[in-house]
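Peer 1: what's the 3D shape of this:
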Amino acid sequence: MWQDSPTFWKIVRWAAAGLCEAFTVGSPPDRRVGLVPSQRTLMTDDSWNNTWLSYGLAFVGGYGYAASFILARTFTGHLTGNFVLTAISIAGHDWPTFFRRVLAIALFLIGILLSVTLERLVARKPSWSLLPAVMGLEVVLVAMAYFAMISQLDTRLELFVICMSLGLGLQNGSLRQAKGISVHTTYVTGMITNLLTTGAKRYIYQVGRESGPDPTINLLLGIWFAFVLGATLGAALVFRFKALGILGLVAVLLIALLVHQVRTRLRLGRKV
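Peer 2: This next block holds a predicted model:
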């Protein structure tokens, strides 16, 4: 039986260990020489902020992904699935659904481009920060999506898709790296491939394991877990409360924004 395979239990132990390491509060000791303690603390805080924001936004991405599909039968945080759904709509001559899915693709891409524009704008204003600005915009867009969904407008599904796709596109474009690793918080396909190949080499075939825990594996496993957890909770709340369930995203984003702002102020206070 597959349960008796040593390789299977290696994979189970690797996944369990990785999740424990990914969600352990705090960072491993910083052994970089030439840094005074205050510098090490500041760099650790930056790493903490990026890591936990990655987990929080991945949760948001999974939540929005599942909620949008349930409410509008359209993915608002990913392109591949929508390309397939668009082709299905064409084959079935379902033109209203086809138009809605094309809107999702277009607005997701526009959101990514807009995040680049915001990044350049924020770079000119030292007192501004990109991620809080994007999370604030996303809160507004999710709220607009909710009000569109409960309205009596004939175009309520299209308006919902526009707001959600634009918000998740902004999110996807604004956080592209954490701990020097390329990440995505609205879809996990490429990251799962990277996670499995890196984990297989390290934990099954013992390649490079002597160098200690791999931050890439821990980070990607944490993001994957947060995304799936968000999708599960989002689906459950939307099935239970219908359109009202989408407001759970607003609560999560506001909490993430508050934690980010508090940590940033504490870090700046130590710097002074």
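Peer 1: for this structure, what are the low-confidence residue spans?
Peer 2: Under the criterion of pLDDT under 70, the regions of the chain flagged as low confidence span 1-49, 126-127, 177-182, 190-191, 194-195, 198-199, 201-215, 268-272.
Peer 1: which residue ranges form the strands in it?
Peer 2: Counting by DSSP state E, the chain has these strands, from start to end: 177-178, 181-182.
Peer 1: Show the contacting residues for residue 106.
Peer 2: Contacts of residue 106 were listed using Cβ atoms under 8 Å, 6 or more residues apart in numbering, and they are residue 165. Any C-beta I mention is one placed from the backbone N, CA and C, and that applies to glycine too.
Peer 1: Tell me the spacing between it and residue 260.
Peer 2: In this structure, residue 106 and residue 260 are 29 Å apart, going by Cβ to Cβ, to the nearest Å.
Peer 1: again, but for residue 77
Peer 2: Computed as Cβ to Cβ, the residue 77 to residue 260 distance reads 20 Å.
Peer 1: the more surrounded of the two?
Peer 2: In this view residue 77 and residue 260 are compared by other Cβ atoms under 10 Å, and residue 77 has more residues nearby, 30 against 19.
Peer 1: Quick check: the more buried one vs residue 154, distance?
Peer 2: When distance is defined by Cβ to Cβ, residue 77 is 25 Å away from residue 154.
Peer 1: what does residue 89 give?
Peer 2: Relative to residue 154, residue 89 is positioned 19 Å away (criterion: Cβ to Cβ).
Peer 1: Residue 105 now?
Peer 2: Distance, residue 105 to residue 154, using Cβ to Cβ: 22 Å.
Peer 1: Looking only at neighbour counts, state which of those two leads.
Peer 2: Relative neighbour count places residue 105 above the other of residue 105 and residue 154, with 21 against 7, counting by other Cβ under 10 Å.
Peer 1: close enough to count as contact, the more buried one and residue 80?
Peer 2: No. Assessed by Cβ atoms under 8 Å, residue 105 is found out of contact with residue 80, at 10.2 Å.
Peer 1: Run a quick neighbour tally on the residue nearest to residue 129 when sequence neighbours are not counted.
Peer 2: Distances taken as Cβ to Cβ, 6 or more residues apart in numbering put residue 122 closest to residue 129, at 6.7 Å, once the chain neighbours are dropped. Applying other Cβ under 10 Å, we find 18 residues neighbouring residue 122.
Peer 1: Surely residue 122 touches residue 134?
Peer 2: No. Between residue 122 and residue 134 no contact is recorded; they are 9.5 Å apart, counting by Cβ under 8 Å.
Peer 1: how about the nearest residue to residue 243, chain neighbours excluded?
Peer 2: Using Cβ to Cβ, 6+ apart and skipping the chain neighbours, the partner closest in space to residue 243 is residue 149 (4.1 Å).
Peer 1: separation between residue 149 and residue 225?
Peer 2: 28 Å.
Peer 1: Could you do residue 131 as well?
Peer 2: In this structure, residue 131 lies at 21 Å from residue 225, with Cβ to Cβ as the measure.
Peer 1: From residue 104, how far out is residue 166?
Peer 2: Looking at residue 166 against residue 104, where the rule is Cβ to Cβ, the gap reads 10 Å.
Peer 1: what do you get for residue 159?
Peer 2: As for residue 159, its distance to residue 104 is 12 Å (criterion: Cβ to Cβ).
Peer 1: neighbour-wise, which of the two wins?
Peer 2: Using other Cβ under 10 Å, the more surrounded residue of residue 159 and residue 104 is residue 104, with 30 against 17.
Peer 1: so the more buried one touches residue 161, yeah?
Peer 2: Yes. When contacts are counted by Cβ under 8 Å, residue 104 is listed as touching residue 161 (5.0 Å).
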